[in-house]
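>>> Whatever this is, show me its structure:
(2 chains)
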Amino acid sequence: ETGVTQSPTHLIKTRGQQVTLRCSSQSGHNTVSWYQQALGQGPQFIFQYYREEENGRGNFPPRFSGLQFPNYSSELNVNALELDDSALYLCASSLSPGWDSSRNEQFFGPGTRLTVL
Amino acid sequence: AQTVTQSQPEMSVQEAETVTLSCTYDTSESDYYLFWYKQPPSRQMILVIRQEAYKQQNATENRFSVNFQKAAKSFSLKISDSQLGDAAMYFCAYRSARDGGTSYGKLTFGQGTILTVHP
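Prediction:
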């Protein structure tokens, strides 16, 4: 069974550019959540996708957007990059988004390290 | 809004000894989950242990156990017989058990505790 994978591993962009990060969910998982982890901090919830629809969102501006595809893989897009967007971006997948604790455990990928210069 | 606080930025332990990592949280909800995650230098976040708030019994996973004090909103992690491979950043996290809402599926993390294991 393949776990959660993310690409690229590292990325360097300049302020004002746009970036797309990719995540492949674990086999059988239909729910993907994205988190931003600044250096030395805990991850912050960006949003969650369930069956191709945004299912919940944290306190991030609209320039953070996402997509989920029919195969449940997902993209995180960030427009107009700012220096503070430099962080590790984590993707996590789960069997479902719901309350059932046997199905909602989030499995994390290794992350994409984004540096904005 | 829920908050999670880890007051120990760094902890250290000798191999084979026991260490306890602290976590407190704030919520007005009665039904929720609490987690401890481990993030080694490889960056991949790994679930160590989970606790459902409605369960009074403390969760245990091999050498890892928790002390869940619901009234005090405290959730500490005890690592027994520490091993070199336990060295990592440890995060305490909270998740609501309610369906719906704009923060659906959201894990709220603390700031993390760096655990060093000395041989």
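
>>> okay, the closest residue in space to A:Leu67 that isn't next to it in sequence: pLDDT?
Sequence neighbours aside, A:Glu75 is the residue nearest to A:Leu67 in space, at 4.7 Å (criterion: Cβ to Cβ, 6 or more residues apart in numbering or on different chains). From N, CA and C alone the C-beta is placed, and that goes for glycine too. Looking at A:Glu75, its pLDDT is 98.

>>> Counting neighbours, what do you get for B:Val117?
20 (other Cβ atoms under 10 Å in any protein chain shown).

>>> which other helices and strands contact the helix or strand hosting B:Tyr25?
Secondary structure from DSSP states H and E places B:Tyr25 in strand B:24-26. Judged by 3 or more Cβ pairs under 8 Å, 6 or more residues apart in numbering or on different chains; DSSP states H and E, the packing partners of strand B:24-26 are strand B:3-5, strand B:74-79.

>>> What strands line up against the shortest one, and which way round?
According to DSSP bridges, strand B:3-5 forms sheet pairs with strand B:24-26 (antiparallel).

>>> distance between the partner strand and the chain's centre?
11 Å (Cα atoms, centre = their mean, to the nearest Å).

>>> Show me the contact partners of it.
Residues outside strand B:24-26 that contact it (Cβ atoms under 8 Å, 6 or more residues apart in numbering or on different chains): B:Gln2, B:Thr3, B:Val4, B:Thr5, B:Ser7, B:Leu34, B:Ala72, B:Lys73, B:Ser74, B:Phe75, B:Cys92, B:Tyr94.

>>> In it, which residues are buried?
By 16 or more other Cβ atoms under 10 Å in any protein chain shown, the buried positions in strand B:24-26 come out as B:Thr24, B:Tyr25.

>>> CA atoms of the helix or strand following it as PDB?
The element immediately downstream of strand B:24-26 (helix or strand, assigned by DSSP H and E) is strand B:32-39. C-alpha atoms of strand B:32-39 as PDB (Å, rounded to 0.1, in the frame of the first residue of the first chain):
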ATOM      1  CA  TYR B  32     -13.400  15.600  20.800                       C
ATOM      2  CA  TYR B  33     -10.200  13.700  20.000                       C
ATOM      3  CA  LEU B  34      -6.700  14.300  21.200                       C
ATOM      4  CA  PHE B  35      -3.600  13.100  19.600                       C
ATOM      5  CA  TRP B  36       0.200  13.000  19.900                       C
ATOM      6  CA  TYR B  37       2.100  13.100  16.700                       C
ATOM      7  CA  LYS B  38       5.900  12.500  16.200                       C
ATOM      8  CA  GLN B  39       7.800  14.400  13.500                       C
END
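
>>> Now strand B:32-39: buried residues?
Buried, per 16+ other Cβ under 10 Å, within strand B:32-39: B:Tyr32, B:Tyr33, B:Leu34, B:Phe35, B:Trp36, B:Tyr37, B:Lys38, B:Gln39.

>>> With stretch B:110-119 instead?
B:Gly110, B:Gln111, B:Gly112, B:Thr113, B:Leu115, B:Val117.

>>> so the first one sits right up against B:Met89, yeah?
Looking back up the chat, that one is B:Gly110. No. Counting by Cβ atoms under 8 Å, B:Gly110 stays clear of B:Met89, with 10.6 Å between them.

>>> mean confidence for the strand holding B:Tyr25?
Averaging pLDDT along strand B:24-26 gives 97.
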